[in-house]
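>>> could you work out the structure for the sequence below:
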Amino acid sequence: MSDTTLIDTLLGPDSEGVRLIAVSTLHGSATIDGTSDPMGNEADGELFAALREWADVAVVGSGTVKAEGYEVATSTRLAVLSQSLDFAGFEEFVAGGPIILTPEERMTSAEAQQLEAAGAELVSTGTGSVTEAIAALRERGATRISCEGGPSIYSAFIESGLLDKLYLTIDPHISPSVEKPVVDGTATSPALRLELENATPVDSTVFLRYRRISTP
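This is a model prediction of the structure:
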């Protein structure tokens, strides 16, 4: 199977909606030594890039931007969820012009004004829920939205039923404890039921693609 055919198989057919992409060790940790860098393989990186290219906008939490050392240079617009609006030390990222999704009450803050002056675009999420954040992005014309984490962001998307497809890479590392869970929230809403669309092993790493078949 060629690289292009493999990635096309992992990505699946084109359709609008919200897609989550995550990586997990065999024991359910989203990180090793603080980041996801040691996890996955070349195909995992290519799938991540392909899903971002598919998306009109890629949503990510500010904590993940900082922990993973995000760069804003991409053909797909990045939308960062942030309530604190603290991007100290990430001025280059802000200068790249990301969308910063923040509650309405933070839109007129000094931090918001500084970020706008530095090159970011501030967008209100009303009370700050991910449902309002996605609605704001859809009002701006986004019909293909990907979510790149982290754990609390995944949890909020799942709680709100904002999941049409899930891409889960199972990395063949295992350790005696979970450093950071893949999802991390306190919601008690009913679990989503997903249906497996594809399972492909590549060098001991397993790529799973699920679609949603029910919502809370």
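
>>> residue boundaries of the helices in this protein?
For the chain, the helices defined by DSSP state H occupy 3-11, 42-54, 62-67, 91-95, 110-118, 130-139, 151-159.

>>> for Leu20, find the nearest of those.
Comparing those against Leu20 with Cβ to Cβ, the closest turns out to be helix 151-159 (6.1 Å). C-beta: built from backbone N, CA, C; applies to glycine.

>>> just to revisit the earlier point, just put the helices of the chain in TSV and tack on mean neighbour count.
Shown next, in TSV, are those (neighbours: other Cβ atoms under 10 Å):
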stretch	mean neighbour count
helix 3-11	14
helix 42-54	17
helix 62-67	19
helix 91-95	16
helix 110-118	14
helix 130-139	18
helix 151-159	21
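
>>> relative to Val23, how far out is the spatially closest residue to Pro181 that is not a sequence neighbour?
Using Cβ to Cβ, 6 or more residues apart in numbering and skipping residues adjacent in sequence, the residue nearest Pro181 is Pro151, 5.8 Å away. Counting by Cβ to Cβ, to the nearest Å, the gap from Pro151 to Val23 is 12 Å.

>>> one step back: let's have the helices of the chain in JSON lines, adding distance to Arg193.
Below are those laid out as JSON lines (distance: least, Cβ to Cβ, whole Å):
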{"stretch": "helix 3-11", "distance to Arg193": "22"}
{"stretch": "helix 42-54", "distance to Arg193": "22"}
{"stretch": "helix 62-67", "distance to Arg193": "26"}
{"stretch": "helix 91-95", "distance to Arg193": "37"}
{"stretch": "helix 110-118", "distance to Arg193": "39"}
{"stretch": "helix 130-139", "distance to Arg193": "20"}
{"stretch": "helix 151-159", "distance to Arg193": "12"}
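
>>> quick one: closest of these to Ala30.
For Ala30, the closest of the helices of the chain is helix 151-159, at 5.8 Å, according to Cβ to Cβ.

>>> rewinding a little: make a markdown table out of the helices of the chain and add mean pLDDT.
Shown next, in a markdown table, are the helices of the chain (pLDDT from 0 to 100):
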| stretch | mean pLDDT |
| --- | --- |
| helix 3-11 | 94 |
| helix 42-54 | 95 |
| helix 62-67 | 93 |
| helix 91-95 | 94 |
| helix 110-118 | 97 |
| helix 130-139 | 98 |
| helix 151-159 | 94 |
